[in-house]
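>>> Would you be able to build a 3D model of this:
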Amino acid sequence: MKQRNVNRVALIGAGSVGSSYAFALLNQSITEELVIIDLNENKAMGDAMDLNHGKVFAPNPTKTWYGTYSDCKDADIVCICAGANQKPGETRLDLVEKNLRIFKGIVEEIMASGFDGIFLIATNPVDILTYATWKFSGLPKERIIGSGTILDTGRFRFLLGEYFDIAPANVHAYIIGEHGDTELPVWSHADIGGISITELIKRNPEYTMKDLDELFINVRDAAYQIIEKKGATFYGIAMGLARITKAILNNENSVLTVSTYLDGEYGTEDVYMGVPAVVNRNGIREIVELTLNEQERQQFKHSANVLKEILAPNFKEQ
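You can find the predicted model right below:
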């Protein structure tokens, strides 16, 4: 990987998610340079102009411009938010064929520039497209990261915080698996202040597992609810992407639930899925392998199988 004195993020796709991500990066001054690339050059140009006009209000100014794939050469991170959007009633997996075709062209263009950094993938179905980026790019698996279940985990912690009347930052709980309909909550490792959620339920009769099961359904189906109301989700995922970007560029060694390549962990191999992982300047340092209970193991296995069934016809062994 190249070492430069300044950090550069290249954003591919200036749609709702991409432009929200750019806005989050500038507001938090996460990177020194941001280049926005989009097939619609006017949209990329307009976003760059608009963001630059707010520079004086940011903690530290970020050099921002619209560019081309050649600007990826010196990028530390390329974040791909481009692709077909999820429509009302459509699952993330319905998008597979459309976005695989789009991604092949995008990744080939990026690699042709001489890019040698870290890919961060946001486009759905994110686990499939993260795997595809790994295959298309030829880069090490550790340097291909999907947003995975980072947003699902954020939603989970927020709703648990509301339920127990605790700040979400002090709720420790994970959603793992596919970023989609087969994801699962890891109740066996969920806690608040070191006290497990199951113990809290035992201690207080006003809390019930039935409520928590319904809470998880609201986490899982949140995107469908938001899409029905406003057409798309973008603020939450953009903030999640900004958090991953910060962890990479600051070499944080932070544990985040991202889509990463499993090679035997959790009893699964040759698939990208959302699991807790240590994220730093080199990408994925290591996977945090939680000890799941039997029900969670079966649910995770099912989630992996659903993704593998989608991958199989598209990525046959050579």
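
>>> low-scoring stretches of the stretch 1-150 of the chain, by residue?
The stretch 1-150 of the chain contains residues with pLDDT under 70 at 1-4, 92.

>>> For whatever helix or strand Ile310 lives in, which outside residues touch it?
Assigned by DSSP states H and E, Ile310 falls within helix 294-314. Residues from elsewhere that reach helix 294-314 (CB atoms under 8 Å, 6 or more residues apart in numbering): 93, 96, 100, 125, 127-128, 131-132, 176-178, 182-184, 186-188, 262, 266-268, 270-273, 292. Glycine gets a C-beta too; all of them are placed from N, C-alpha and C.

>>> Of the residues you listed, which belong to strands?
Members of those lying in strands (criterion: DSSP state E): 176, 184, 262, 270-273.

>>> now, the most widely separated pair of those residues?
Maximum pairwise distance in the ones in strands among the contacts of helix 294-314, criterion CB to CB, is 20.0 Å, between Leu184 and Asp270.

>>> buried stuff in stretch 51-64?
Buried residues in stretch 51-64, counting neighbours by 16 or more other CB atoms under 10 Å, are found at 51, 62, 64.

>>> Quick one: mean pLDDT over the helix holding Ile310.
Across helix 294-314, pLDDT averages out at 96.

>>> Let the chain start at 885 from now.
Okay, residue one is now 885; in that scheme the one you just asked about reads as helix 1178-1198.

>>> hey, C-alpha coordinates of that helix in PDB?
Output in PDB follows, covering the C-alpha atoms of helix 1178-1198 (Å, rounded to 0.1, in the frame of the first residue of the first chain):
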ATOM      1  CA  GLU A1178     -26.800 -23.400  19.400                       C
ATOM      2  CA  GLN A1179     -29.700 -21.300  18.000                       C
ATOM      3  CA  GLU A1180     -27.400 -18.500  17.000                       C
ATOM      4  CA  ARG A1181     -25.000 -21.000  15.300                       C
ATOM      5  CA  GLN A1182     -27.900 -22.400  13.200                       C
ATOM      6  CA  GLN A1183     -29.200 -19.000  12.300                       C
ATOM      7  CA  PHE A1184     -25.700 -17.900  11.200                       C
ATOM      8  CA  LYS A1185     -25.200 -21.000   9.200                       C
ATOM      9  CA  HIS A1186     -28.600 -20.400   7.400                       C
ATOM     10  CA  SER A1187     -27.600 -16.800   6.700                       C
ATOM     11  CA  ALA A1188     -24.200 -18.000   5.200                       C
ATOM     12  CA  ASN A1189     -26.000 -20.600   3.100                       C
ATOM     13  CA  VAL A1190     -28.400 -18.000   1.600                       C
ATOM     14  CA  LEU A1191     -25.400 -15.900   0.500                       C
ATOM     15  CA  LYS A1192     -23.500 -18.900  -0.800                       C
ATOM     16  CA  GLU A1193     -26.500 -19.900  -3.000                       C
ATOM     17  CA  ILE A1194     -26.400 -16.400  -4.600                       C
ATOM     18  CA  LEU A1195     -22.700 -16.500  -5.100                       C
ATOM     19  CA  ALA A1196     -22.500 -20.000  -6.500                       C
ATOM     20  CA  PRO A1197     -23.900 -19.300 -10.000                       C
ATOM     21  CA  ASN A1198     -22.000 -16.000 -10.300                       C
END
